[in-house]
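Trainee: Sequence and predicted structure are below.
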Amino acid sequence: MKKILFATVALAALASSSAFAADLGARTYPYATKAPAYVAPIYNWTGFYLGAHLGGAFSSNNNFSGLGTGNNSNGRFLGGVQVGADWQFAPTWVIGAEGQYSWLSGSVGAAFPGGYAYTNSQRGLGSITGRFGYTWGPGLLYVKGGYAYSDNNEKVTLAGTPVGFATNGDHRNGWTVGGGLEYMFAPNWSAKAEYQYYNFGSATFAAPAALVPTGSFTTDDHTFKAGVNYRFNWGTPMAARY
């Protein structure tokens, strides 16, 4: 009888031990969880942006025809601001619009026979342009073009004394084209390098009479700019996702 009782207790203990071991094998512990896969950063150019730029402006050295001798090829410093919006589609193309204004230092002009001189202390250059570009992740290569405005501050002097003058032709309003490269270097931040050409057409002197025979002059500017933009994205931000 004792042998039978002992054997029954031993079998019960063995069964309990096996069940406990099976229960341990079914558990999942936190340290055994597989780490999530890394997903590369996502770059999105869709959104509004504000920015600033610095650079230089150079007028063409053949702006003045006829008898004028120009000093207008001298380089001038510029600095300004820009605001715009972009939309990324299809999915590597970007289309947008931008408004820009650059303040200028220095002046352009020409000296004429008889002691006359023309000076344009051009205060600034403005533009409203569309732009179209190709993007590969953080980089954007683009072209732009549209309306341009020259904030002219002109005068004519005779032997250093200001005199009245008049011109035929609008040389405040014109057109602009350009292109550049922009690169996202941090979330919401991008840097750009850009060339932009401005042309405001030709004009001729209508007065004083001594300047009428001198022919026409053209107002244009070649500019080189470097700047930064801060982007208010409304799409997926540039960020790593897990």
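Mentor: Done, it's in.
Trainee: who's in contact with residue 222?
Mentor: Contact analysis of residue 222 by CB atoms under 8 Å, 6 or more residues apart in numbering lists 57-60, 195, 197. Bear in mind the C-beta positions are built from the backbone N, C-alpha and C, glycine included.
Trainee: What does the pLDDT read for it?
Mentor: Residue 222 carries a pLDDT score of 95 in this model.
Trainee: wait, what's in contact with residue 157?
Mentor: Residue 157 neighbours (CB under 8 Å, 6+ apart): 116-117, 119, 163.
Trainee: Next, format those as CSV and append secondary structure.
Mentor: Output for the contacts of residue 157, formatted as CSV (DSSP: H, G, I helix; E, B strand; the rest coil):
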residue, secondary structure
116, strand
117, strand
119, strand
163, strand
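Trainee: Any chance of a ChimeraX selection covering the buried ones in those?
Mentor: Buried subset of those, written as a ChimeraX selection, criterion 16 or more other CB atoms under 10 Å:
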select :116,117,119
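Trainee: Sort out which one of the contacts of residue 157 lies nearest residue 218 for me.
Mentor: Closest approach to residue 218 among the contacts of residue 157 (CB to CB): residue 119, at 15.8 Å.
Trainee: Drop anything exposed from the contacts of residue 222.
Mentor: The neighbour-count test (16+ other CB under 10 Å) marks 57-60, 197 as buried among the contacts of residue 222.
Trainee: need the residues you listed in CSV with secondary structure and pLDDT, can you?
Mentor: What follows is the buried ones among the contacts of residue 222, written out as CSV (DSSP: H, G, I helix; E, B strand; the rest coil; pLDDT from 0 to 100):
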residue, secondary structure, pLDDT
57, strand, 95
58, strand, 91
59, coil, 85
60, coil, 77
197, strand, 97
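Trainee: so can I have a markdown table of the residues you listed showing distance to residue 90?
Mentor: Formatted as a markdown table, those follow (distance: CB to CB, whole Å):
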| residue | distance to residue 90 |
| --- | --- |
| 57 | 35 |
| 58 | 37 |
| 59 | 39 |
| 60 | 38 |
| 197 | 29 |
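Trainee: now, among the residues you listed, which is nearest to residue 95?
Mentor: residue 197 (21.0 Å).
Trainee: quick one: contacts for the closest one?
Mentor: 176-178, 220-223.
Trainee: Quick check: beta-bridge partners of the residue nearest to the spatial centre of the chain?
Mentor: The chain has residue 192 as the residue nearest its centroid, 5.3 Å off, counting by CA atoms, centre = their mean. Counting by DSSP bridges, residue 192 is bridged to residue 182, residue 227.
Trainee: quick one: contacts for it?
Mentor: When contacts are counted by CB under 8 Å, 6+ apart, residue 192 touches 51, 53, 180-183, 225-229.
Trainee: Find me the pLDDT at it, would you?
Mentor: 98.
Trainee: thinking again about what came up before, could you identify the most distant pair in the contacts of residue 157?
Mentor: The distance between the two most remote of the contacts of residue 157 (CB to CB) is 12.2 Å, for 119 and 163.
Trainee: Please enumerate the shared neighbours of these two.
Mentor: 156-157.
Trainee: Could you list the low-confidence segments of this protein?
Mentor: Applying pLDDT under 70 to the chain picks out residues 1-41, 61-74, 234-242.
Trainee: where exactly do the helices run in it?
Mentor: Applying DSSP state H to the chain gives helices spanning 2-25.
Trainee: Right, I'll leave it there.
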